[in-house]
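1. build me a structure from this.
(2 chains)
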Amino acid sequence: MAKPVVRKPKKKANPLKAAKVENIDYKDAALLRKFISDRGKIRARRVTGVSVQEQRLIANAVKNAREMALLPYSSSAR
Amino acid sequence: MRHYEMMIILDGELDERTVQPSLEKFLTVVTKDGGTVDNVDTWGRRRMAYDIKKKSEGIYVVVDFTSTPATAAELDRQLGLNESILRTKILRKDA
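-> The predicted model follows:
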């Protein structure tokens, strides 16, 4: 019988803790840029490695920043 | 009375020196109704991530103020009427 491959998810280091960020602010475009892809999409939590609560705050902050033209809605890299 | 944070994007073609006086004129609405303007932070001219009203640059200003909800709504309304103001956003930091 084949042994099921058990993949151990590698725990990512929380990038917010590394950057010592306490409250996520939509004005901090430089920080939020770490959480969007080249095309301007919000990166998934499994990529960013932040908590559920933080991911929600980040998503809201990115959306606010987009409204104020601090971040792009989409950047056509191609 | 509530604490608000407002970000304003003004037309980037304006002279940055004229921004301060015209902004103060708008903010008299807050002080007249018994509110206070706590802090005005002018970021200056900045390239926007996308064009707004065919403009690619804007002057960003962040204003912290305390006022009643009605006053905040009135300030937002008056700013929206002005042609040289591209966009505004009012947020309550504590909410």
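2. remind me, longest helix of chain A?
-> Longest helix of chain A, by residue count under DSSP state H: helix A:52-67.
3. with adjacent residues omitted, what lies nearest to residue 49?
-> Just going to use chain A. residue A:12 (2.8 Å; C-beta to C-beta, 6 or more residues apart in numbering or on different chains). The way it works is simple: take the backbone N, C-alpha and C, and place the C-beta from them, glycine included.
4. my question was about chain B, not that one.
-> Using C-beta to C-beta, 6+ apart, the nearest residue to residue B:49 is residue A:72, at 4.2 Å.
5. need the residues of chain B near chain A, please.
-> Residues of chain B lying near chain A by C-beta under 8 Å from any C-beta of the partner chain: B:7, B:9, B:48, B:49, B:50, B:52, B:58, B:60, B:62, B:87, B:89, B:91.
6. which ones among these map onto helices?
-> Going by DSSP H, the helices hold none of the residues of chain B next to chain A.
7. name the residues of stretch A:69-78 that are buried.
-> A:69, A:70, A:71, A:72 (16 or more other C-beta atoms under 10 Å in any protein chain shown).
8. wasn't the second one part of a helix?
-> Yep, that's residue A:70 we're talking about. No. Counting by DSSP: H, G, I helix; E, B strand; the rest coil, residue A:70 falls outside a helix, being coil.
9. same list (the buried residues of stretch A:69-78) but as a markdown table, adding pLDDT and distance to residue B:31.
-> Below are the buried residues of stretch A:69-78 laid out as a markdown table (pLDDT from 0 to 100; distance: C-beta to C-beta, whole Å):
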| residue | pLDDT | distance to residue B:31 |
| --- | --- | --- |
| A:69 | 92 | 29 |
| A:70 | 92 | 28 |
| A:71 | 92 | 33 |
| A:72 | 92 | 37 |
